[in-house]
Every structure is written in C-alpha cells, then in structure tokens.
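J.: The following block contains a protein sequence and its predicted model.
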Amino acid sequence: MPPKAKAAGKGRGPEKRKLAEEFPPGEVLTDTGKKSWKLGAPIGQGGFGLLYLADKNSSKTVGAGAPYVIKVEPSDNGPLFSELKFYMRAAKPDQIQSWMKSHKTKYLGVPKYWGSGLHEKGGNRYRFMVMDRFGTDLQKKFEESGRRFPRKLVLQLGLRLLDILEYIHEHEYVHADIKASNLLLSHNNPNQVYLVDYGLAYRYSPEGILKEYKEDPKRCHDGTIEFTSIDAHKGVSPCRRSDLEILGYCMVQWLCSKLPWEDKLQDSLYVRDSKLRLKSNPPNIYCFLSFLDELQKFVEEVKTLSYTDKPAYQKLRSILEAGLKSIGAKDDDKLEFSSSVNGGGPLSSVEVGPQRAQHRKTCCCAVMVASAFKTWHAPDLFEARPFKRSPFQPPLMCLPVKSHLKCKNA
Ligand SMILES: Nc1ncnc2c1ncn2[C@@H]1O[C@H](COP(=O)(O)OP(=O)(O)OP(=O)(O)O)[C@@H](O)[C@H]1O
C-alpha cells in the first residue's frame, strides 16, 4: 500500500523502511539487460533510497554533467518496485519516441527508463533503476518566485501536464501525486519540464480493463494532502479524473500562492470537506477574479468526469490555450518564471503598462475561493488580506483603486 498523505515538499519515509547504504563513486552496477552503469556522486535522497549521478560504464569518472541518474533502494522496499513497474511498462525510450512522433510533439515530459536490476554489496541486496537526469524542481522555483508563478507559465505548465497525463493514462497508469516538487526541469533545456516520482502511480486499467469504484477506509487521503483528489480522500484508487483534479489544485496554488485549506493540512477531514464543498457548489464557487475564466472552465470540465471517464484532453487544452490568448500570449514553448512577461499573473485586464508594475508591489488582489467558505481568504497574490464576507454573495471582480485592488461585486 502506498504511503499515506503527506504535505508537499516534505519527506515522507516511514521509519520502518531501510535506507540504502551510500555507495562510493565508481561503483559499477549491471542491469538485467547486461548493461553496466557507473555511479557518480549522490545527488538526492528520497524517503526510501538514494539517487546517484550515473553514466554508461567506461574508464572515465562520472562527472557533474552526467546524463543519467540511478535510484537505489534496499530490494525489499516497495516503492521503487512499484515505480519500476510503471517505468518498465510505460516509459521505454522507443514507446515515448513513437508517441511523440504520432502526436507530433517536440518533447514529452515523461522520464525515460534505461534499465534496472539488483545489486549485491556487503551481503545486502539493492534494487536500482536508471533514468534520465534532470535539473531543479519547480517547488524551488515557486519559492524563489515568492510563491507565485506568472499566468502564462501556469497555463503552459498545464498544457505540458495534459500531454504527460494523456500519455501515461493511455499507457494504463495514473500518477496520483502531481505537484511542483515532482516536476523537474530538464538538465540542459530550461523550457522542458518532466513529471517524476511514480511511487504512487496506479495501474487503473490493466490490459484495458478499468478498475471499479470502491471506497476503502484504510486508504483514505493517500497522496499529498493539499493536492490529493476527492477520490483519494475517500480511499478510492485514483483514476484519470483524479490526476486532472490534482492538476487543477496545483494550477490554483501556482497562480494564487495558496489553496484555501492550506492552513489546516493536518486535518485531513477538513481538507476533504473543503474540496467536497467546492465540488458540490454551482459555478463561480471558484471566484478567482473573473479574468481567471480558464481555470474555472477547467475545473468545471473536470467536475463532469465520472470515475471511469476518459477526459477530453483536447478540450482541456483548448481551455488553457484560450486563457493564453486572452492575455495576448501563445504557447511558445518558453517557460518564463519571471513575472515581467506578458500575462505575468492574475492581474486585472484593466491594468496595463506602468500601472501593472506599481500594482504588483502594492496591491492586495483578493482571490476569493468557494462560496461555501465563511471566511473569505485572499491568498496573497501580493500581500495576504483575509476578510469576512457572506458566503452567498455574487462573484467578485478586482478593480485597481489607488495603491491597491479593491474587491467589488461584479
Ligand atoms: N531523474 C532525476 N534527476 C535529477 N534529480 C532527480 C531525479 N529524480 C528525482 N530527483 C531528485 O532527487 C531527490 C530524491 O528523489 P526521489 O524520487 O528518490 O524521492 P522523493 O520524491 O523526494 O521521495 P520518495 O522517495 O519518498 O518518493 C528529489 O529531490 C528529486 O527532486
């Protein structure tokens, strides 16, 4: 059973599991296909294992520019085993290559699987897996950017994730743990993002047979608590709609800085109920300023999906593309983290030129979430300003007034 809910960016390894010992640089591992790989320095530690830079075995030492990484865990640990299954079934380089060709995409953000095996050392057995090596993660970028991403970037990340999710869904899997810390930039290309960590990935459709909806109280809240899907909160195995729901929460957080339930993450039932209230309310529950229309449409479209439905990926892409168009941007394949680019954030469309910069410094831009919430919270796009409001008032709009945006009934 996968580990229970955890908060984003935090470690999650239950104490009972063993960590792999650290291997010295130069250790050679041979995979099941008889290919040998050489380890370099360790570059990361997960809850269950270590991650090393690596390259094909040769007389050279493995340097900082190594193109591969190897994940190593004690062989009796479960998470790498289930992650490995995903990679072996769905992430072989030729599978990814042929998908890209048939879908005419320039790249696909699914890491390639290069091999795996068992390695013995000091009387212990370790499982290892070789995959592409990536760079920094988007959680770090999010923190560096003051916990807010420009709107153009968010929409482009959404589009890249739709490509990734469509691919993994068509290969019988759902990811179930999409979040910024699981999104890594390419090591060489700052405009490419990859979804990693398939430790919670679930084969929702083995041999094309869809799993049935079944609640299991023992599995409630699996995933990362703030983003996890309502299905996961109820202990139901994740499905395609779960991934899209999680993506929706991620986009909201990236745009608005925080989710309305983020202050009470230790209370899983509160988080679940908050998400349920959002779901059951009529449109405009997400009262992100009216110009965040595309997110509202995205959320509404995902809400229509039943447990076994195949999402309309192209329709969801069109919604995000329309959002790009509305800010005069297009999907130019450039991931710009600076908010000085066009459509730099969820600012009102009435703001232009120097006004935009001024407001960015001083505005309190209220993002109103969920009519069901008694205390309206304004996630700090610029600075936080929680305030009370009746739960049944109409959607809100931001208008720039003097040095800050004031909220007015639309
Ligand atoms: N292919 C990769 N290239 C470069 N860094 C990576 C790669 N995959 C993971 N990392 C980084 O290595 C660290 C460990 O990742 P790993 O997936 O092993 O564990 P985790 O996701 O932090 O936790 P857990 O093992 O509990 O899932 C993380 O900081 C992650 O961003």
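T.: On my side now, so go ahead. Owing to the predicted nature of the structure, the values given are computational and were not obtained by experimental measurement.
J.: now the end-to-end length of stretch 160-180.
T.: Its start and end residues considered, stretch 160-180 measures 13 Å (CA to CA, to the nearest Å).
J.: got the buried residues for it?
T.: By 16 or more other CB atoms under 10 Å, the buried positions in stretch 160-180 come out as 160-169, 171-180. No exception for glycine: its C-beta is placed from N, CA and C like everyone else's.
J.: what about it, near the ligand?
T.: No. Against the ligand, stretch 160-180 shows no contacts by CB under 6 Å from any ligand atom, the least distance being 8.2 Å.
J.: so for that stretch, what's the average pLDDT?
T.: Averaged over stretch 160-180, pLDDT sits at 98.
J.: Does anything pack onto the longest helix out of those in the chain? Which helices or strands?
T.: Secondary structure of the chain per DSSP state H: the longest helix is helix 151-170. Judged by 3 or more CB pairs under 8 Å, 6 or more residues apart in numbering; DSSP states H and E, the packing partners of helix 151-170 are helix 78-90, strand 193-195, helix 240-256, helix 313-326.
J.: orientation of that helix relative to helix 78-90 in degrees?
T.: Calculated by axes from the mean of the first three to the mean of the last three CA atoms, to 10 degrees, helix 151-170 forms an angle of 80 degrees with helix 78-90.
J.: ok, then the element right after helix 151-170?
T.: Per DSSP states H and E, the first helix or strand lying C-terminal to helix 151-170 is strand 173-174.
J.: Show me what that following strand is packed up against.
T.: Packing partners of strand 173-174 (3+ CB pairs under 8 Å, 6+ apart): helix 78-90, strand 202-203, helix 240-256.
J.: buried stuff in whichever helix or strand comes after it?
T.: Of the helices and strands lying after strand 173-174 in sequence (DSSP H and E), the nearest is strand 183-186. Across strand 183-186, burial judged by 16+ other CB under 10 Å covers 183-186.
J.: Would you mind listing what in this structure touches the ligand?
T.: 12-13, 43-49, 51, 69, 71, 111, 131-134, 137, 184, 196-197, 199.
J.: change it to 8 Å
T.: Near the ligand, the residues belonging to the chain are 3, 11-13, 43-51, 69, 71, 79, 83, 111, 131-135, 137, 181-182, 184, 187, 194, 196-197, 199 when assessed by CB under 8 Å from any ligand atom.
J.: measure the residue in the stretch 201-350 of the chain that the ligand sits nearest to to residue 158 for me?
T.: When scored by CB to the nearest ligand atom, the stretch 201-350 of the chain has residue 224 as its residue closest to the ligand, at 10.5 Å. Separation of residue 224 from residue 158 (CB to CB, to the nearest Å): 18 Å.
J.: just residue 168 next, same as before
T.: Distance, residue 168 to residue 158, by CB to CB: 16 Å.
J.: just residue 99 next, same as before
T.: Residue 99 sits 19 Å away from residue 158, going by CB to CB.
J.: Of these two, which one has the most company?
T.: More crowded of residue 99 and residue 158, by other CB atoms under 10 Å: residue 158, with 24 against 18.
J.: Quick one: residues contacting that one.
T.: With contact set as CB atoms under 8 Å, 6 or more residues apart in numbering, residue 158 has these partners: 247, 251, 298, 320.
J.: Return the residues in contact with the first one.
T.: If you count contacts by CB under 8 Å, 6+ apart, residue 247 has them with 158, 161-162, 165, 178.
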